[in-house]
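S.K.: the sequence and its predicted three-dimensional model are supplied below.
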Amino acid sequence: MNAVNPRRWWALIVLAAAQFMVIMDTSIIGVALPDMQRDLGFSAGDLQWVFNAYVVAFAGLLLLGGRLSDLLGARKVFAAGWVILVAGSVVAAFAGTAWVEILGRAIQGVGGALIAPAAMTLLMMLFSHDPRELGKAMALYGAAAPAGGTAGVFLGGVITEYLSWPWVFIVYIPIGLLTLLAVPALLPATSGRRGSVDVLGAVAVTAGIALVVYAIVAENWVAALAGAALLVLFLLIQRSARRPLMPLSIWRVPGLAASNLAMTLLGAAWIPMWYFLNLYLQQVLDYGAFASGAALLPMTIAVMIFMIGITARLLGRFGAKPLIVLGLLVLAAGIGWLAFARPTGTFVVDVLPASLVAAVGMSLAYIPAMMSAMSGARPEDAGLASGIVNTTYNVGSALGLAVMTAIAMSQGAAELGDPVKLTDGFQASFVGAAVVALAGAVLALLLMRRKPASVPQGETAATRV
């Protein structure tokens, strides 16, 4: 059994705060985009890259971040990620032109891609001695993700309204510096292991994912084919490389593929729901940025309460599969309920109850899917497994949002100022997201194996099957 770290709960605060900030970085800029467009001279078509530059770098480099965490040591990679994130925040905050702003956002994404898998590895190391503590820690860590997403919208509105858009990046600078000061005192030192980085594989997978994401955003089939070709090349490289970035043998771990598929579809349903719910609040119900962020807080609070207080207990009793299936079904029901939102609706009737149901579904599925994807990996591959599961969730989110956006636009969501047509488009996107969640539940039921509800003492969550 691993020695118990007496500062593990303080360390968890640092790790959860890192997860919170990394996810918040994807949403905090949303409300500030119009001001940034005016000040930096973005065209309407290029403005989207303020968001997508971060997502592309983050999703594309997560596998590399996981591999580096295994080879160099998770604490070193975690600290390096924060240095890069702070540097990117400085560039983004003081950018004077559009291309410098995009560069800063991409640098932030690189930092996030190092932080996320390293944080997960450190969490597993700190709490692997006790399955019950690990479940609680995972619940707290998992709750930080949706909290960060919603807090980004809320804080982005406050900061943009009462300060100015550069402050949405400036806030990361003192937080990052404080985190770096806490690292040597609270996080355990981790030794790496000998090995080399599969540079060619890293370039292929990063460029492939970047091109696929770009193709979705720009509806560019040439980029899609090029991205797919690079991803095929990546798999061929992994098959023949002496020390591959992602050994294909890891996919033989029982449940890994099915758990990652569940995470992909969970992201593909949840993120579009959150995105279009925010648009419904602002463009149909005429909420301001501050009020819209506040309206999403009940959903976030529900996610945190269920993840921390209920999901961890249910996971120990029933195991991952039943919770993933049930969670995706409840999520589908909540999103489907949102599809009945009216052009003349109200928050209390059309938003609050359905969003709370969806929040319960997300709470039930997210942590079990994450733990199921990590549970079969060997301790030395924990960073790689974390990189894979984070990649699948983020790629699923991007794919889902792109598809639901196309559906919404085709049904009237492009008609700004017309609440009836806007609602028609948003309803169509909610129906599509609900179908994705339902498909996820069915596939999880058919493909996932039932695993033991608890881990015997002396056995870690990273080594159980």
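M.R.: Sure, I can see it.
S.K.: so what touches stretch 401-416?
M.R.: 216-217, 219, 268, 271-272, 275-276, 279, 283, 418, 420-422, 424-429, 432-433 (C-beta atoms under 8 Å, 6 or more residues apart in numbering). Every residue, glycine included, has its C-beta placed from N, CA and C.
S.K.: identify each buried residue in that stretch, please.
M.R.: Buried residues in stretch 401-416, defined by neighbour count with 16 or more other C-beta atoms under 10 Å: Leu401, Ala402, Val403, Met404, Thr405, Ile407, Ala408, Gln411, Gly412, Ala413.
S.K.: same list (those) but as TSV, adding distance to Leu126.
M.R.: Converted to TSV, the buried residues of stretch 401-416 look like this (distance: C-beta to C-beta, whole Å):
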residue	distance to Leu126
Leu401	33
Ala402	37
Val403	38
Met404	37
Thr405	39
Ile407	42
Ala408	42
Gln411	47
Gly412	50
Ala413	44
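S.K.: from the residues you listed, which land in helices?
M.R.: Assigned to helices by DSSP state H, the following of those qualify: Leu401, Ala402, Val403, Met404, Thr405, Ile407, Ala408.
S.K.: looking at those residues, spot the one nearest Tyr287.
M.R.: The closest of these to Tyr287 turns out to be Ala408 (C-beta to C-beta; 18.3 Å).
S.K.: relative to Val431, how far out is that closest one?
M.R.: According to C-beta to C-beta, to the nearest Å, Ala408 stands 10 Å off from Val431.
S.K.: distance to Ala144 and pLDDT added to the buried residues of stretch 401-416, as CSV?
M.R.: Below are these laid out as CSV (distance: C-beta to C-beta, whole Å; pLDDT from 0 to 100):
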residue, distance to Ala144, pLDDT
Leu401, 21, 75
Ala402, 26, 74
Val403, 27, 80
Met404, 25, 85
Thr405, 26, 77
Ile407, 30, 86
Ala408, 29, 84
Gln411, 34, 85
Gly412, 36, 81
Ala413, 31, 75
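S.K.: okay, now the domains of this protein?
M.R.: In the assignment given by automatic domain parsing, the structural domains of the chain cover 1-197, 251-453.
S.K.: confidence-wise, which of those domains is weakest overall?
M.R.: Looking at these, the lowest mean pLDDT belongs to domain 1-197 (a mean of 80).
S.K.: what residues are up against the residue most central in space within the chain?
M.R.: Centroid check for the chain by C-alpha atoms, centre = their mean gives Asn394 as the closest residue, at 5.2 Å. When contacts are counted by C-beta under 8 Å, 6+ apart, Asn394 touches Val55, Phe58, Ala59, Leu62, Gly267.
S.K.: show me where the stretch 151-300 of the chain has strands.
M.R.: Using DSSP state E, counting those that start in this stretch, no strands are found in the stretch 151-300 of the chain.
S.K.: please, where are all the helices along it?
M.R.: Taking DSSP state H, counting those that start in this stretch as the criterion, the stretch 151-300 of the chain contains helices spanning 167-170, 172-186, 199-218, 221-240, 256-279, 289-295, 297-306.
S.K.: adding mean neighbour count and distance to Gln108, write those out as CSV.
M.R.: Conversion of the helices of the stretch 151-300 of the chain to CSV gives the following (neighbours: other C-beta atoms under 10 Å; distance: least, C-beta to C-beta, whole Å):
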stretch, mean neighbour count, distance to Gln108
helix 167-170, 22, 8
helix 172-186, 16, 8
helix 199-218, 20, 15
helix 221-240, 15, 22
helix 256-279, 25, 19
helix 289-295, 21, 21
helix 297-306, 20, 22
